[in-house]
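Visitor: based on what follows, work out the 3D shape:
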Amino acid sequence: MASHQRATWARFPPDSSKLTRPAALTIHLALLIVYSVGVVGLGLWTSRLIRTSSDFFVAGRTLGPGLIFASMLAANIGSGATVGVAGLAYRDGISAWWWSGSAGLASLALAFWVGPRIWTLAKEHGFFTTGDFLEFRYGSSVRGVITGLILLGSVAILAGQLIAGAAILNVVTGAPRWVGSLIGGSIMTIYFAAGGLLGTAVVNTAQLVVMLAGFLVALPYALGTVGGLDQLFSALPGHYSDVTFSAGPGSGWTLLFLTGPAFIVSPGLIQKSYGAVSARALRAGVALNAVALMLFAFLPVLMGMVARVALPDIDDPNLVLPALLREQLPAWLGALAMAAVFSTEVDTCDAILFMISTSASKDLYKQYLRPDAGDGELLRVARLAAVIGGIVGVVLSVYLTTVIGALTIFYSILGVSLFVPVVGGLYTRRAGSGAAMAAIAAGVAALFFVRFGFGNEYPWMDPTLVGLLAAAAAFTCVTALRPFAAASQRVTETQR
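Guide: You can find the predicted model right below:
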């Protein structure tokens, strides 16, 4: 397993602050403060629209294609797609496009293949969460297992987002990671807990404007500092211009196996899909998001490559993009771009909190602890779960080393445990809870067996791909054997 995929437990490297300047109220810091206050204020303003758990969980199923597009794109462009990808491009070059490019390809599958089917079921049966679908299709035991895995993986990806936000504040102010994580975590927890899905859809639209404006204006200036595209590619090793390059699992085109399945069946994205006003609105919004993702994917990649030429001595991949924006761009533009990057981290954090709060309240609390909980109680528990999730994410972000390392935990677990049961459940009625449980167990077991058992001995073996294949094989075998098991049971009962 490539070293950047290991989520080792360590604090920020001692030399991570060598690129920072003394803390001062610079234009960068001032703009981040104004932006953060504005986001919190907008989120609190939308809280007046939240009256029921339906408003909080699925926005009353009122989102049109525009809000679906903005909400999905804002959720998909986070720390991995910006700070993490810039660090990958610093090391691998243009092939880092596959991180976000794979998410775009997967979003097309969600738009035309999975999304409309599961939205129709959600509309008919009143689903609020992915767990609702899993229980409807397989039973409560599968729902419980997946809920646990979602909560485990979600805090890891939340920590990854907060690491990136902390890196921005570290470069701007010199603040240590725990301070940056606490600030970023507080912002996203306040506005999400107040407004739920409806509030975040509105906030995400504003954040999307800031993000796209910052990157689109900053990239030409960044390229100009190294003489343009031609000079950039000529100054780098040959493989930096090869989009098909891969250094092994977790690099280049192999990222399709790591991130692709997760972006098709992510509980956060599926639950955002539930909020669509119609299947047509869902298809249009998610498809536009897919196209935008694949185009946007080039922006942080090129900026990471510029940093490789302009700032060749950066040791911490988390600091590649923040350092480039601070050191190579005019102050006003660096501030705008810094706010854009910070925006991506915050708006993706709310998508993760969405998964945590809905899974904890609807799939865990109401399902197993208080089945008779009323609507108001469920709404209060969802908000409390968001606050607790934010606190856990902040604590975990202090110890996980890199953005990509943190996100890898989530994408791997999510892909191997959820992809096969969700897709299989949508397209075959023969599979039962046994097939789903077998797929989950086989996928997760194979993932960890390869990752920790053969990661060094067979570095070419991709743990996520092996986990997906094992899950699919187990699901298929148990489904195929189900009629024989049922027949055998009938014979036994007859003989009795």
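Visitor: is it true that Y274 touches E124?
Guide: No - look at Y274 against E124 with Cβ atoms under 8 Å: they stay out of range, at 11.8 Å. Backbone N, C-alpha and C define where each C-beta goes, glycine included.
Visitor: neighbour count for these two, which is higher?
Guide: Y274 (27 against 9; other Cβ atoms under 10 Å).
Visitor: now for that one: which residues touch it?
Guide: When contacts are counted by Cβ atoms under 8 Å, 6 or more residues apart in numbering, Y274 touches 57-58, 61, 119, 122, 127-128.
Visitor: which among these end up buried?
Guide: Using 16 or more other Cβ atoms under 10 Å as the burial test, those include 57-58, 61, 119, 122, 127-128 as buried.
Visitor: between those residues, which is nearest V450?
Guide: Taking Cβ to Cβ as the measure, V450 sits nearest to F127 out of those, at 33.5 Å.
Visitor: can you confirm the closest one is in a strand?
Guide: No - judged by DSSP: H, G, I helix; E, B strand; the rest coil, F127 forms no part of a strand; its state is coil.
Visitor: from what I can see it touches F136, true?
Guide: Yes - at 7.2 Å, F127 counts as touching F136 under the criterion of Cβ under 8 Å.
Visitor: re the thing from before, tell me the two of the buried ones among the contacts of Y274 that are most distant?
Guide: F57 and W119 (14.1 Å).
Visitor: okay, the contacts of Y274 in JSON lines with distance to S71 next?
Guide: Converted to JSON lines, these look like this (distance: Cβ to Cβ, whole Å):
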{"residue": "F57", "distance to S71": "14"}
{"residue": "V58", "distance to S71": "12"}
{"residue": "R61", "distance to S71": "13"}
{"residue": "W119", "distance to S71": "14"}
{"residue": "A122", "distance to S71": "16"}
{"residue": "F127", "distance to S71": "18"}
{"residue": "F128", "distance to S71": "16"}
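Visitor: would you list these in a markdown table and tack on secondary structure?
Guide: Shown next, in a markdown table, are the contacts of Y274 (three-state DSSP):
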| residue | secondary structure |
| --- | --- |
| F57 | helix |
| V58 | helix |
| R61 | helix |
| W119 | helix |
| A122 | helix |
| F127 | coil |
| F128 | coil |
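Visitor: min pLDDT across those, which one?
Guide: pLDDT across the contacts of Y274 is lowest for V58, at 68.
Visitor: before we move on, back to that, ok, so of the buried ones among the contacts of Y274, who is nearest L182?
Guide: Once Cβ to Cβ is applied, the member of the buried ones among the contacts of Y274 that ends up nearest L182 is F57, at 27.3 Å.
Visitor: pLDDT weak spots in the stretch 301-450 of the chain?
Guide: The stretch 301-450 of the chain contains residues with pLDDT under 70 at 343-350, 400-410.
Visitor: try it again with 90
Guide: Where the stretch 301-450 of the chain drops to pLDDT under 90, the residues are 313, 315-319, 321-323, 325-416, 418, 427-432, 447-450.
Visitor: is A436 in contact with Y138, as I believe?
Guide: Yes - the criterion here is Cβ under 8 Å, and A436 meets it with Y138 at 4.5 Å.
Visitor: overlap in contacts of these two?
Guide: With Cβ under 8 Å, 6+ apart as the test, A436 and Y138 both reach 421, 425.
Visitor: my guess is I183 contacts L169, does it?
Guide: Yes - if you go by Cβ under 8 Å, I183 and L169 touch, sitting 6.4 Å apart.
Visitor: just checking, K362 touches F57?
Guide: Yes - using Cβ under 8 Å, K362 is in contact with F57, at 7.0 Å.
Visitor: please state the offset of whichever helix or strand I388 is part of from the chain centre?
Guide: I388 is part of helix 375-397, with elements assigned from DSSP states H and E. Distance of helix 375-397 from the chain centroid (Cα atoms, centre = their mean, to the nearest Å) equals 18 Å.
Visitor: got the domain boundaries for the protein?
Guide: Listed domain ranges for the chain are 3-405, 428-496 (source: automatic domain parsing).
Visitor: picking up where we left off before, quick check, nearest of the buried ones among the contacts of Y274 to L353?
Guide: F57 (12.7 Å).
Visitor: from K366, how far out is the nearest residue to the closest one once chain neighbours are set aside?
Guide: Closest residue in space to F57, ignoring its immediate chain neighbours: F128 at 4.2 Å, by Cβ to Cβ, 6 or more residues apart in numbering. F128 sits 10 Å away from K366, going by Cβ to Cβ, to the nearest Å.
Visitor: now tabulate the domains of the chain in JSON lines and tack on distance to V422.
Guide: Below are the domains of the chain laid out as JSON lines (distance: least, Cβ to Cβ, whole Å):
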{"stretch": "domain 3-405", "distance to V422": "4"}
{"stretch": "domain 428-496", "distance to V422": "9"}
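Visitor: now for the ones you listed, which one comes closest to L414?
Guide: The nearest among the domains of the chain, by Cβ to Cβ, is domain 3-405 at 4.5 Å.
Visitor: just how off-centre is that closest one within its chain?
Guide: Its chain's average C-alpha position is 5 Å from that of domain 3-405, according to Cα atoms, centre = their mean.
Visitor: so what's the spatially closest residue to S140 that is not a sequence neighbour up against?
Guide: Leaving out its chain neighbours, the residue that sits closest to S140 by Cβ to Cβ, 6+ apart is Q367, at 6.7 Å. Residues near Q367 by Cβ under 8 Å, 6+ apart: 131, 135, 140, 143-144, 147.
Visitor: are any of these buried, and which?
Guide: If we count by 16+ other Cβ under 10 Å, the contacts of Q367 have these buried: 131, 135, 143-144, 147.
Visitor: in helices only, show me the residues you listed.
Guide: Per DSSP state H, helices hold the following members of the buried ones among the contacts of Q367: 131, 135, 143-144, 147.
Visitor: lovely, talk soon.
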